[in-house]
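Novice: take this sequence and fold it.
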Amino acid sequence: MMHHEILIGGFGGQGILFLGRVLATAGMLEGHEVSWFPSYGPEMRGGTASCTVIISAEEIGATVTDHPDICIVMNEPSFRRFSPLVKEGGLLVINSSLIRENCSRQDIEILKIPANELAGKETGVAETTNMVILGALIARKPILSFSAVKSALEEILTGKKKNLLSVNFKALQVGKNFEEKERQ
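Specialist: Numbers count the residues shown, from 1 in each chain. As a prediction, this is how the structure comes out:
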């Protein structure tokens, strides 16, 4: 049975909530039950932000999770706070551009990706770091299809934001390519 509890943490301005929204929308487009639960720190930009996304084949009982099976951490405070919570056998995705600490856990899978560097160098847009991370995640653990993620972006980025589609698509591909090269 398909059931994924995903926790995403970072600071405001890193696109944490947007990343969660893309995951939830893609899950809906694939016909799954989804929940998206954002959490903000005291300030929007610079304060902490996190969100929980649950994608399931069955009805979802609780919208938050104490022990996610997938955790994406975009900065060191989120790494320290959330990495101990990942379920045994789960996946921890680390933005190694901003997180220098090593995770000592041996009971989880770890994916390190220098998302800030890749976003800046490969797309020229630092704000696509979240999509680089998402591309790497989906390449490592295909919980959703790339086509559903792209369709979710098309659904979310409309009107004046439609011009951001191509750079976000490129960022997804950059993350996917990075993860595929790392596995070889």
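
Novice: residue 62: neighbouring residues, count only.
Specialist: Using other C-beta atoms under 10 Å, residue 62 is surrounded by 11 other residues. For the C-beta atoms, the positions are set from N, CA and C on the backbone; glycine is no exception.

Novice: can you classify it by secondary structure?
Specialist: Assigned by DSSP: H, G, I helix; E, B strand; the rest coil, the conformation of residue 62 is coil.

Novice: okay, residue 91: pLDDT?
Specialist: Residue 91 carries a pLDDT value of 98.

Novice: cool, residue 42 as well?
Specialist: In this model, residue 42 is scored at 59, pLDDT.

Novice: for the protein, what spans make up the strands?
Specialist: Listed in chain order, the strands of the chain (DSSP state E) span 3-11, 33-40, 48-56, 70-73, 91-95, 109-113.

Novice: the third one: which residues count as buried?
Specialist: Under the neighbour-count criterion of 16 or more other C-beta atoms under 10 Å, strand 48-56 has 48, 49, 50, 51, 52, 53, 54, 55, 56 buried.

Novice: which of those residues scores worst on pLDDT?
Specialist: Lowest confidence among the buried residues of strand 48-56: residue 48, with 77.

Novice: touching, it and residue 80? I think so.
Specialist: No: in this structure, residue 48 is not within contact of residue 80 by C-beta atoms under 8 Å, at 11.4 Å.

Novice: before we move on, the earlier item: which one of the strands of the chain is the most hemmed in?
Specialist: Scoring these by mean neighbour count under mean count of other C-beta atoms under 10 Å gives strand 70-73 as the most buried, with a mean of 28.

Novice: what's it packed up against?
Specialist: Applying 3 or more C-beta pairs under 8 Å, 6 or more residues apart in numbering; DSSP states H and E, we find strand 70-73 packed against strand 3-11, helix 76-82, strand 91-95, helix 129-140.
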